[in-house]
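**Q** how would this look folded up:
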Amino acid sequence: MLAQQSQQTEKLCGSICRITFKAEDSGYAVLKIQTPEFEVVTAVGIIPDAQQGLDIELNGEWVRHPKWGQQFKVLSYHMPEPTQEEGMVAFLSCLDGLGESKAQKIVEYFGENTFRVFSEDSTRLLEIPGIGKKTLPKILESFQEKKELSRLIGFLHELGVSASYAKRIYEEYGDNAIGCIKANPYLLAEEVRGFGFKRADEVARGLGIGVDASVRITAAIFHNLKEAANRNGHCFLPLNDLLFSAKASLTLPDYQPCDQEIVQHVSTLSIKGVLVEENGRIYLRSYHQAELELSATLRSLCGKLELECEDLEDWLIDYEIENEIQLATQQREAVKLAASNNLMVITGGAGVGKSTISKAILSYWHSQKKRVVAIAPTGKAAQRIREVADFPDASTIHRLLGWTGYSFLHDKDNPLDADAFLIDEGSMIDLKLAHALFDAIPPHATVVIVGDVNQLPSVGAGNVLRDIIDSEEIPVVRLTEIFRQIAKSKIIQASQAINEGYFPSLEKLGRDSEPKTDALWIPCSQGQIPEAIEWLVNDKLLNMGYEEDDIQCLSPMHKGDVGNIELNKLIQQAWNPKYPIQSNCGIFREGDRVIQTRNDYNKLVFNGDIGNIVEIDKEENIALICYPDFDGNDRFIEYQLSDLKDVMLAYSISVHRSQGSEFPVVILPVSMQQYMMLQRNLYYTGVTRGKKLVVIVGEEKPLQIAVQTNRVLNRNTTLRERLAGNL
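**A** Predicted coordinates for the structure are as follows:
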């Protein structure tokens, strides 16, 4: 957040003798500072690059904390380049590719010339044992980053921007960060995670950009269209909605924007082709193009295939005999429809046999000598295709298309080399990903989309699966018949009840009771939820024969007493109570369960991949994380500690992140604290993630609210109308 400068500030100089606490997400730190008079004082504030042993100059004010006593509240700071041996070792030891031992050797070898060697004669570092030509570039890059980051922090402070954003800004713009900010500070809102328009606007005014400047109005328009897409899944905004939200962004105590001025900017941007204005709907060009082209591609794929019905009937009989199963009537019809149409959808809830159908369709295609592809949006979902549909080559959509981090290798000019595509977890696919996928599918191909339309919609903009189904232009099979062998499952019954708006029938679990079903409820107050979950993971579930790896907590929110952040701490302490090792991007312990939060194509780990930290080496500044591969083998991925920013603890994850996955045991907390997330499709999705056992923990009232709140988000899309030929 923007720093608030005090009218009267004092200066405090000293060295950091201890880091009592540092929040890696915000950079807030509690430091022990030893002054030149050998007095040790406490300093608190945003100091993301704090390092024990470094000298620091602080500006701020003395305050008295009601519990911790007198503290120095930091408003700004500067860390001069260290000149003493201890400070130089501390500075160098946190560089990628170095640890304390190598840093000590460098300082002992070069002495007071150490930093000059780094800046002017870096090849001499090769004279240090353990530093080779392979690691030197990484060390130098980290050294340059640390120096530039310090310069950037000073620049941002002059603009009133918290130092906690410096790392993210540097990662986006590198050594050109200051120049990029001066050129157009509004890019910060669009390109730096968590920055936001309001904060960028204050930076812009600090740089002298006027309140009625064209760049400011344009930025507000783009910001609100992107926010509508990223937060609410909208592909467009009606002009009046955009006008309202843009005015709210631009209004200041001494400035009220003119409606006509905003409308004129929208019109100008539309003429330039940056925006698209269509019958009062305002699109970012990329979303309009995606809707147009995806609808055209889907319509072109629609068509009948020549089919010998007797041959297919004979194949179905043989398939049932070979696999010792009997397909239900709906399932047989689904296979026949897939065999006779270029494009179709199979939808239905948990337990209706979508996986069984997928396996049968894949087998039929193989019997027809087709080149077959099976894909899903996430690695976990692709792994499930491998397991339940017996298709070892299943892949993620991004991997199939060859995502480079910026674009896909496959598109209409370089189509995929296959004849038949089975796309699972269709509800998770957003507009842009669907557009990219179908752009790369060859025109002659057969495509089957499988998905549960009652689950949460895609994280990205659009409502692709629902729009395809609602268009009534593409054949759809709705599976409703639950398999007899799993119809007795209380998990399935509970998910059905939630989906239909009824409070689920759950067995109450007490301290001394032995459960008789697979869907349980621990009724307790909000304040008792953490204690109940601690009892479950530390005692009850383990005594029931489950292992720690079987158990997954799913919480709708990240913050709060029953959010993922606090639950991760609780379960980490229960299962892995080793002394924490603090890196410069979070507190992790060897053995921790973690989840990757973004795609990393260099490491070949992807958003949603769950693994375990095998080793944390503070000496080498690396962590080793083990991820299970599709085939069950282990992959060991090396991270620099600075790269762990892309990793989170995963004892408890969001319901959104769990989509496409299944877990033997699922724990679902429910409380009024989660009020904004209390909705039917979220708890339906959470319950259906459990394979053997689901335990809902919390109050009855919020669960009633969730079950009765059918907030199927009315996302602004026009894909349905375009498919139906109404646009």
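
**Q** wait, Gly280 sits on Leu239?
**A** Yes - Gly280 sits in contact with Leu239 when judged by CB atoms under 8 Å, with a separation of 5.1 Å. Any C-beta I mention is one placed from the backbone N, CA and C, and that applies to glycine too.

**Q** Among these two, which residue is more densely surrounded?
**A** Leu239 (16 against 11; other CB atoms under 10 Å).

**Q** which residues of the stretch 251-400 of the chain score low on pLDDT?
**A** 306-309 (pLDDT under 70).

**Q** ugh, wrong one, I meant the stretch 401-550 of the chain
**A** Within the stretch 401-550 of the chain, the stretches with pLDDT under 70 are 483-487.

**Q** Leaving out the residues flanking it, which one is nearest to Ile613?
**A** Closest residue to Ile613 in three dimensions, ignoring its sequence neighbours and counting by CB to CB, 6 or more residues apart in numbering: Asp592, at 4.7 Å.

**Q** Can you give me every residue that contacts the one you found?
**A** Contact partners of Asp592, counting by CB atoms under 8 Å, 6 or more residues apart in numbering, are Gln572, Asn576, Asn612, Ile613, Leu649.

**Q** And the helices in the stretch 301-450 of the chain?
**A** Under the criterion DSSP state H, counting those that start in this stretch, the stretch 301-450 of the chain carries helices at the ranges 309-323, 329-340, 354-367, 379-388, 397-401, 431-440.

**Q** packing partners for the longest one?
**A** Meaning helix 309-323. Judged by 3 or more CB pairs under 8 Å, 6 or more residues apart in numbering; DSSP states H and E, helix 309-323 is in contact with helix 329-340, helix 354-367.

**Q** Can you give the contact residues for it?
**A** Applying CB under 8 Å, 6+ apart, the set of residues contacting helix 309-323 from outside is Gln326, Leu327, Arg332, Val335, Lys336, Ala339, Ala360, Ser363, Tyr364, Ser367.

**Q** Derive a ChimeraX selection command for the buried subset of these.
**A** Buried residues within the contacts of helix 309-323, by 16 or more other CB atoms under 10 Å, are selected in ChimeraX with:
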select :327,332,335,336,339,360,363,364
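
**Q** Need the contacts of helix 309-323 in JSON lines (columns: distance to Gly87).
**A** JSON lines is the format used below for the contacts of helix 309-323 (distance: CB to CB, whole Å):
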{"residue": "Gln326", "distance to Gly87": "76"}
{"residue": "Leu327", "distance to Gly87": "73"}
{"residue": "Arg332", "distance to Gly87": "75"}
{"residue": "Val335", "distance to Gly87": "71"}
{"residue": "Lys336", "distance to Gly87": "75"}
{"residue": "Ala339", "distance to Gly87": "73"}
{"residue": "Ala360", "distance to Gly87": "68"}
{"residue": "Ser363", "distance to Gly87": "67"}
{"residue": "Tyr364", "distance to Gly87": "70"}
{"residue": "Ser367", "distance to Gly87": "71"}
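
**Q** what ranges do the helices span in the stretch 51-200 of the chain?
**A** 85-93, 100-110, 114-120, 136-158, 166-173, 177-183, 187-191, 197-206.

**Q** Quick one: closest of those helices to Ser471.
**A** Closest approach to Ser471 among these is made by helix 187-191 (32.3 Å; CB to CB).

**Q** Okay, buried residues for the closest one please.
**A** Of the residues in helix 187-191, those scored as buried under the neighbour-count criterion (16+ other CB under 10 Å) are Leu187, Leu188, Ala189.

**Q** so how far is it from its chain's centroid?
**A** Averaged C-alpha coordinates place helix 187-191 at 18 Å from its chain's average position (CA atoms, centre = their mean, to the nearest Å).

**Q** coming back round to it: now distance to Thr480 and mean pLDDT too, for the helices of the stretch 51-200 of the chain, in a markdown table please.
**A** Formatted as a markdown table, the entries for the helices of the stretch 51-200 of the chain read as follows, by distance: least, CB to CB, whole Å; pLDDT from 0 to 100:
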| stretch | distance to Thr480 | mean pLDDT |
| --- | --- | --- |
| helix 85-93 | 62 | 84 |
| helix 100-110 | 63 | 89 |
| helix 114-120 | 68 | 89 |
| helix 136-158 | 57 | 84 |
| helix 166-173 | 48 | 83 |
| helix 177-183 | 55 | 92 |
| helix 187-191 | 44 | 89 |
| helix 197-206 | 46 | 92 |
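
**Q** Relative to Ile529, which of these is closest?
**A** Relative to Ile529, the nearest member of the helices of the stretch 51-200 of the chain by CB to CB is helix 166-173, separated by 32.6 Å.

**Q** residues contacting Pro238?
**A** Taking CB under 8 Å, 6+ apart as the contact definition, Pro238 lies against Gly280, Arg281, Ile282, Asn716.

**Q** Show me what the longest strand anywhere in the chain is packed against.
**A** Looking only at the chain and at elements set by DSSP state E, the strand with the highest residue count is strand 10-22. Counting contacts by 3+ CB pairs under 8 Å, 6+ apart, strand 10-22 packs against strand 28-34, strand 40-46, strand 55-65.

**Q** Now do the buried residues in the second one.
**A** Of the residues in strand 40-46, Val41, Thr42, Ala43, Val44, Gly45, Ile46 count as buried by neighbour count, 16+ other CB under 10 Å.

**Q** Distance to Val447 and pLDDT for those - can I get that in TSV?
**A** Below are the buried residues of strand 40-46 laid out as TSV (distance: CB to CB, whole Å; pLDDT from 0 to 100):
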residue	distance to Val447	pLDDT
Val41	67	92
Thr42	63	93
Ala43	61	92
Val44	58	92
Gly45	56	87
Ile46	51	83
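
**Q** just to revisit the earlier point, sort out which one of the contacts of helix 309-323 lies nearest Tyr502 for me.
**A** Where the contacts of helix 309-323 are concerned, and distances follow CB to CB, Tyr502 has its nearest neighbour in Leu327, at 29.6 Å.
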